[in-house]
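K.L.:
Here is my input, please return the structure:
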Amino acid sequence: MLELLKQPWPWYISGPIIGISIPLLLIFGNKILGISSSFRHTCAAVAPFNIQFLKYNWKSEIWNMFFVLGIFIGGFVGGVLLNNGEAVKISEATISDIKSLGINSFDGLIPSDVFNWNTLLSVKGVFIMVFGGIMIGFGSRYAGGCTSGHAIMGISNLQWPSLIAVIFFFIGGLLMTHFIAPFIYQL
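P.N.:
Just a heads-up that it's a prediction; the model follows:
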């Protein structure tokens, strides 16, 4: 059983597990799947600020905070405890495209050429990781949810705003991949 956990699960196992979680959340808890709202819940729980946006019954959404904690724990278990040391398997075409950006490390879970302290402390690193993280956080809250909330939960509930948000998430991803990232990595 442990060997099964040490290898990537195929889409036909992981996809239905994610898919069945949506109706289970709705049927048994009348809950909506989403990750970005957990930041608001956490701020409402710990922030002593007198901000109207954070004045609500955050305790009714504590399940979402445990859900996010489970994601972190699962990431740690999968990435550290069950990691067999092999590099992530990606296609040769993708490797070629990534190498054209100057990223040449493919020996772990993430490219060490990009995710290291030297890069983080550079102008490019601050732009990519800090400014990019802020923009992702702002964008997901401005859109009323993140990709998981809109793409998995919103579209499955036939919500028109979620479909529009997902279309623009993909457009943004394409623009970043083909136009912005090549410019940034040339700096």
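K.L.:
what pLDDT, on average, does the lengthiest helix in the chain get?
P.N.:
The longest helix of the chain (DSSP state H) is helix 11-29. Helix 11-29 shows a mean pLDDT of 87.
K.L.:
what comes up buried for whichever helix or strand comes after it?
P.N.:
With elements assigned by DSSP states H and E, the helix or strand that comes after helix 11-29 is helix 37-46. By neighbour count on 16 or more other CB atoms under 10 Å, the buried set for helix 37-46 is 37, 38, 40, 41, 44. Glycine gets a C-beta too; all of them are placed from N, C-alpha and C.
K.L.:
so how far is the helix or strand just after helix 37-46 off the chain centroid?
P.N.:
Later in the chain than helix 37-46, the nearest helix or strand by DSSP H and E is helix 62-76. Relative to the centre of its chain, helix 62-76 is centred 13 Å away, using CA atoms, centre = their mean, to the nearest Å.
K.L.:
list the contacts for residue 144?
P.N.:
Counting by CB atoms under 8 Å, 6 or more residues apart in numbering, residue 144 makes contact with 150, 161, 165.
K.L.:
Just those: which are in helices?
P.N.:
Of the contacts of residue 144, the ones assigned to helices by DSSP H are 161, 165.
K.L.:
Would you mind giving the contacts of residue 144 as TSV with pLDDT added?
P.N.:
TSV is the format used below for the contacts of residue 144 (pLDDT from 0 to 100):
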residue	pLDDT
150	88
161	90
165	89
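K.L.:
out of the contacts of residue 144, which are buried?
P.N.:
150, 165.
K.L.:
can you tell me which of the contacts of residue 144 lies nearest to residue 88?
P.N.:
residue 150 (25.5 Å; CB to CB).
K.L.:
so what's that closest one up against?
P.N.:
Neighbours of residue 150 in contact, by CB under 8 Å, 6+ apart: 143, 144, 159, 161, 162, 165, 166, 169.
K.L.:
got any ranges where this structure has weak pLDDT?
P.N.:
1-6 (pLDDT under 70).
K.L.:
per-domain residue ranges of it.
P.N.:
1-83, 111-187 (automatic domain parsing).
K.L.:
looking at those domains, which is buried most?
P.N.:
domain 111-187 (a mean of 14; mean count of other CB atoms under 10 Å).
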